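Novice: can you look at this prediction? I've put the sequence above it.
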Amino acid sequence: MKFFIDTADVKEIRAAWEMGCVDGVTTNPSLLAKVGRPLEETIREICSIVDGPISAEAVSLDAPGLIAEGRQLAKIHDNVVVKIPMGVEGMKAVKALTAVGIRTNVTLCFSANQALLCAKAGATYVSPFVGRLDDISQDGMELIADIISIFRNYDYRTQVLVASIRNPVHVLQSARLGADVATVPFSVIQQLSQHPLTDAGIAKFLKDWEKVPKK
Ligand code: E4P
């Protein structure tokens, strides 16, 4: 499974990149608002840190607008993947951008039928939002299992990118199900590295080390 980091904060991106677990980055307007930086400048800097797919979101409400935005975003760097919101206009934009060789990531996917349309339109990635489904008492990971089994039935090439991840269990379940990518907030990446027995083990080894003659 590929790991993307779900943030627009370059400090977090650098730290995770140095850990060796980052294959790409996803951003969205909310994440950019959180860091208070313009999109193009931020995406450019992210591309200078991470050598992998970097999702930048288009926000137009119609296909011509999404296509124009997508073309502009794709000019920033070869690694840019254009994030397109799910919907009829979004699907038109995915088809047109795919036809000219621009990679897309369809965002705000909440059903298997929406994912099916993304695959038909030729999207590079589809991003089902597991956390937001859990929030309304629907099992987000059940959707991931459903999409993966449907895509396997037909050998669709669209990659399943698990988004809206909120905790380490989401990551574990994504890997068990064989998701192509999980996009993970930095706080959750940190949680993945932790275990109370690791901490206790380090403390004990350090204590015992004090008793070891140094010469
Ligand atoms: C990533 O591509 C998505 O925009 C992001 O994972 C959404 O996460 P949220 O539901 O925590 O906002």
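Specialist: Okay, I see it. What you are looking at is a predicted structure, and each value in this text was computed from that prediction instead of being measured.

Novice: for Val126, what is the enclosing helix or strand?
Specialist: Following DSSP states H and E, one finds Val126 within strand 125-128.

Novice: return the set of buried residues in the next helix or strand after that strand.
Specialist: Counting by DSSP H and E, the element after strand 125-128 in chain order, helix or strand, is helix 130-135. Residues of helix 130-135 classed as buried: Val130, Leu133, Asp134 (neighbour count, 16 or more other C-beta atoms under 10 Å). Yep, even glycine has a C-beta here, placed from its N, CA and C like the rest.

Novice: the second one touches Phe110, doesn't it?
Specialist: Yes - using C-beta atoms under 8 Å as the test, Leu133 is close enough to Phe110 to be in contact (6.3 Å).

Novice: which residues do those two both contact?
Specialist: Contact with both Leu133 and Phe110 is made by residues Leu143, according to C-beta atoms under 8 Å, 6 or more residues apart in numbering.

Novice: what residues are up against the residue nearest the centre of the chain?
Specialist: With distances taken as C-alpha atoms, centre = their mean, the residue of the chain nearest its centroid is Thr183 (2.9 Å). Thr183 makes contact with Phe3, Phe4, Ile5, Asp6, Gly24, Thr26, Ser127, Leu161, Val162, Ala163, Ile165, according to C-beta under 8 Å, 6+ apart.

Novice: rerun that using 6 Å as the cut-off
Specialist: Applying C-beta atoms under 6 Å, 6 or more residues apart in numbering, we find Thr183 in contact with Phe4, Asp6, Thr26, Ala163.

Novice: name the residues of stretch 33-46 that come out as buried.
Specialist: Leu39, Thr42, Ile43, Ile46.

Novice: span of that stretch from start to end?
Specialist: 16 Å (C-alpha to C-alpha, to the nearest Å).

Novice: what does that stretch rub up against?
Specialist: Contacts for stretch 33-46 (C-beta under 6 Å, 6+ apart): Ala8, Asp9, Val10, Ile13, Val25, Leu32, Ile54, Ala56, Ile76.

Novice: now for those: which two are most distant?
Specialist: Spatial extent of these (C-beta to C-beta) is set by the pair Asp9 and Ile76 at 18.2 Å.

Novice: quick check: residues of this protein near the ligand?
Specialist: Taking C-beta under 6 Å from any ligand atom as the contact definition, the chain meets the ligand at Asp6, Thr26, Asn28, Ser30, Thr107, Ser127, Phe129, Gly131, Arg132, Ala163, Ser164, Thr183.

Novice: as a markdown table, those residues with pLDDT and distance to Val82 would be great.
Specialist: A markdown table is the format used below for those (pLDDT from 0 to 100; distance: C-beta to C-beta, whole Å):
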| residue | pLDDT | distance to Val82 |
| --- | --- | --- |
| Asp6 | 98 | 17 |
| Thr26 | 98 | 12 |
| Asn28 | 98 | 12 |
| Ser30 | 98 | 17 |
| Thr107 | 98 | 10 |
| Ser127 | 98 | 12 |
| Phe129 | 98 | 18 |
| Gly131 | 98 | 23 |
| Arg132 | 98 | 21 |
| Ala163 | 98 | 15 |
| Ser164 | 98 | 19 |
| Thr183 | 98 | 15 |
